[in-house]
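[1] sequence and computational prediction follow.
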Amino acid sequence: MDFYAKISQITQRDSRYKADAYEFVMQALWLTQKKLNRTGHVSGPELLSGIREFGLEQYGPMARAVFQHWGISNTGDFGRVVFNMISDGVMGKSESDSLDDFKDVYDFKEALDIFKPVKNQQGR
């Protein structure tokens, strides 16, 4: 069965996350593997770093809003997307991988809000 058919099955079973989130995670995985010069496993925190980087590259200051549109509001949500794909054989995992690897790795507001207001010379 192809990737999109499996993602369709997953989103029918778990409608919290849009199909776009699953495709994005796979793209972020491939880019993270390439960046780390690996063909196999990456850890949850490594993948989340790649997700942050790819999200900012693709969506800039809108990354957090795009993720929220997909149903993703924290790093744990990305972990649930990953583990949904693992349960359907789209991704693999090592013995030590856990959903907890994705819990509270970074705060979306701090990690994705790349444009901060600049104070003027008078501190306003």
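    Alright, I've got the coordinates.
[2] pLDDT weak spots in the protein?
    Counting by pLDDT under 70, the chain has low-confidence residues at 1, 115-124.
[3] the chain: helices as residue ranges?
    3-13, 19-35, 44-59, 63-69, 75-87, 108-112 (DSSP state H).
[4] list the contacts of stretch 77-87.
    Outside stretch 77-87, the residues that touch it by C-beta atoms under 8 Å, 6 or more residues apart in numbering are 6-7, 10, 13-14, 16-17, 21-22, 25-26, 44, 47-48, 51, 71-72, 91-93, 99, 101-103. (Glycine included, C-beta is placed from N, CA and C.)
[5] buried set for it?
    Of the residues in stretch 77-87, those with enough neighbours to count as buried (16 or more other C-beta atoms under 10 Å) are Asp77, Phe78, Gly79, Arg80, Val81, Val82, Phe83, Asn84, Met85.
[6] any chance of the residues you listed in TSV, with distance to Asp107 too?
    Conversion of the buried residues of stretch 77-87 to TSV gives the following (distance: C-beta to C-beta, whole Å):
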residue	distance to Asp107
Asp77	13
Phe78	13
Gly79	15
Arg80	18
Val81	18
Val82	19
Phe83	21
Asn84	23
Met85	24
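[7] so which of the helices of the chain is the most packed in?
    Ranked by mean neighbour count under mean count of other C-beta atoms under 10 Å, the helices of the chain are led by helix 75-87, which reaches a mean of 20.
[8] now it - C-alpha only, PDB.
    Coordinates of each C-alpha in helix 75-87 appear next as PDB, following Å, rounded to 0.1, in the frame of the first residue of the first chain:
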ATOM      1  CA  THR A  75       6.200  18.600  20.400                       C
ATOM      2  CA  GLY A  76       4.200  15.700  21.900                       C
ATOM      3  CA  ASP A  77       1.700  16.000  19.100                       C
ATOM      4  CA  PHE A  78       4.500  15.400  16.600                       C
ATOM      5  CA  GLY A  79       5.400  12.300  18.700                       C
ATOM      6  CA  ARG A  80       1.800  11.000  18.300                       C
ATOM      7  CA  VAL A  81       2.000  11.600  14.500                       C
ATOM      8  CA  VAL A  82       5.300   9.600  14.500                       C
ATOM      9  CA  PHE A  83       3.900   6.800  16.600                       C
ATOM     10  CA  ASN A  84       0.700   6.600  14.500                       C
ATOM     11  CA  MET A  85       3.000   6.100  11.500                       C
ATOM     12  CA  ILE A  86       5.000   3.500  13.400                       C
ATOM     13  CA  SER A  87       1.900   1.600  14.300                       C
END
